[in-house]
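Novice: please find the sequence and the predicted model below.
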Amino acid sequence: MSQIEQYKVAVVIPAYKVVRHILDVIAEIGPEVSGIFVVDDNCPDGSGAYVSEHCRDLRVTVLKNDVNRGVGGAVMTGYRQAIDAGYDIMVKVDGDGQMDPRLIPDFVAPIIAGEADYTKGNRFFDLETLRAMPRKRLFGNAVLSFMTKFSSGYWDLFDPTNGYTAIHARVAEHLPFHKISERYFFETDILFRLNLIGAVVMDVPMDARYADEVSNLKISKIVGEFSLKHIRNSLKRIFYNYYLRGFSIASLELPAGVLLLAFGVLYGGSRWISSSMSGEPTPAGTVMLAALPVLIGIQLILAFVGYDISRVPHKTLHKASLLKNRGRR
């Protein structure tokens, strides 16, 4: 028996306007998967009913949300059902055909090996395959990736909007499902929540498949919303990790750096305006008084970032959880 066969693996497929592709996606899911949960997110096309009528795969269970809750809400409906059914690992695959179900073993393997609690796809490993990605989507993902690194604390990850993911059920049980964003910010918000509990997250190289599917995610419409949510999560994460649950030299570096940088910029700006209006040159001492806090402030902020990067979780949670459960038995 292979190692993956010792675990109960479930696939969660959020279904919303994917009638054209979902049966093909289900057909490509291999025997390593024990259960498939198709979540009809109040789809106007009746995706759930379509699967129930035309799919003969005995592993499939169709769930339905009474109201449209977005991709995150659909995934969490599937997660709850899979956890209640006793599955060990849950893999999220979209129903639009962009994700290759044959890669499921690649996403599950690091979790089984104890190297990760949560795995996610990364389409940026192979530079050659990036030519197939639309340029707008490529640029949008690059910007969102940078913002996600700071807000989530996972500085070694990329491609945050990639929805091809896998998670151990013992780790998912610790997530506050009622607080996680239910719509397109779901993939990013769950990374923020995983960091708060100290879960290990790993990227899995993959290629995206682009055919005739239509994406409901419009980068231009979500940039503003995502930016505000990233700022909110960044502030929450810093407060929780560096002031509420712990205190270190980095807890002093960040506020000191921000205050010095702000003082230097404001003081220097006011002196420059005053000098411009009076026509008199600014004394060298005044320039230094403005420049020195800016330089020191930047150095302190960079020191905080360096410390934050070094604190990326590396010890998996689900292994410790399993050991604890065995001890109780």
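Specialist: Right, received. Where do you want to start? Numbers count the residues shown, from 1 in each chain.
Novice: neighbours of His54, how many?
Specialist: Neighbours of His54 under the rule other CB atoms under 10 Å: 11. Using the backbone N, CA and C atoms, a C-beta is placed for each residue, glycine as well.
Novice: ok, it to Val62 distance?
Specialist: 11 Å (CB to CB, to the nearest Å).
Novice: now do Arg123
Specialist: Taken as CB to CB, the span from Arg123 to Val62 is 29 Å.
Novice: quick one, which of those two is more surrounded?
Specialist: Using other CB under 10 Å, the more surrounded residue of Arg123 and Val62 is Arg123, with 23 against 19.
Novice: in what helix or strand does Thr286 lie?
Specialist: helix 284-310 (DSSP states H and E).
Novice: oh, I was asking about Leu235
Specialist: Counting by DSSP H and E, Leu235 is found in helix 219-239.
Novice: by how many degrees do that helix and helix 284-310 diverge?
Specialist: 90 degrees (axes from the mean of the first three to the mean of the last three CA atoms, to 10 degrees).
Novice: mind checking how far the helix or strand just after helix 219-239 is from the chain centre?
Specialist: Scanning forward in sequence from helix 219-239 by DSSP H and E, the next helix or strand is helix 249-278. Distance of helix 249-278 from its chain centroid, counting by CA atoms, centre = their mean, to the nearest Å, is 34 Å.
Novice: sorry, back to before: model confidence over the helix holding Leu235, on average?
Specialist: Helix 219-239 carries an average pLDDT of 84.
Novice: ok, stretch 50-59 next?
Specialist: Throughout stretch 50-59, pLDDT has a mean value of 94.
Novice: and stretch 291-308, by the same measure?
Specialist: Regarding stretch 291-308, the rounded mean pLDDT is 97.
Novice: now do stretch 259-276
Specialist: Mean predicted confidence for stretch 259-276 is 93.
Novice: can you point out the buried residues in that stretch?
Specialist: 260-261, 264, 267-268, 271 (16 or more other CB atoms under 10 Å).
Novice: can you give me the neighbour number for the closest residue to Ser152 other than its chain neighbours?
Specialist: In space, not counting the residues next to it along the chain, Ser152 is nearest to Leu191; the distance is 3.9 Å by CB to CB, 6 or more residues apart in numbering. For Leu191, the neighbour count with other CB under 10 Å is 23.
Novice: would you agree Leu191 is in contact with Thr161?
Specialist: No - look at Leu191 against Thr161 with CB atoms under 8 Å: they stay out of range, at 10.7 Å.
Novice: coming back round to it: switch the buried residues of stretch 259-276 over to CSV; also include distance to Asp45.
Specialist: CSV is the format used below for the buried residues of stretch 259-276 (distance: CB to CB, whole Å):
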residue, distance to Asp45
Leu260, 57
Leu261, 52
Gly264, 57
Tyr267, 61
Gly268, 59
Arg271, 64
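Novice: out of these, flag the one nearest to Tyr16.
Specialist: Proximity of the buried residues of stretch 259-276 to Tyr16 (CB to CB) peaks at Leu261, which lies at 44.8 Å.
Novice: ok, now which ones touch that closest one?
Specialist: Residues in contact with Leu261 (CB atoms under 8 Å, 6 or more residues apart in numbering) are 293-294, 297-298, 301.
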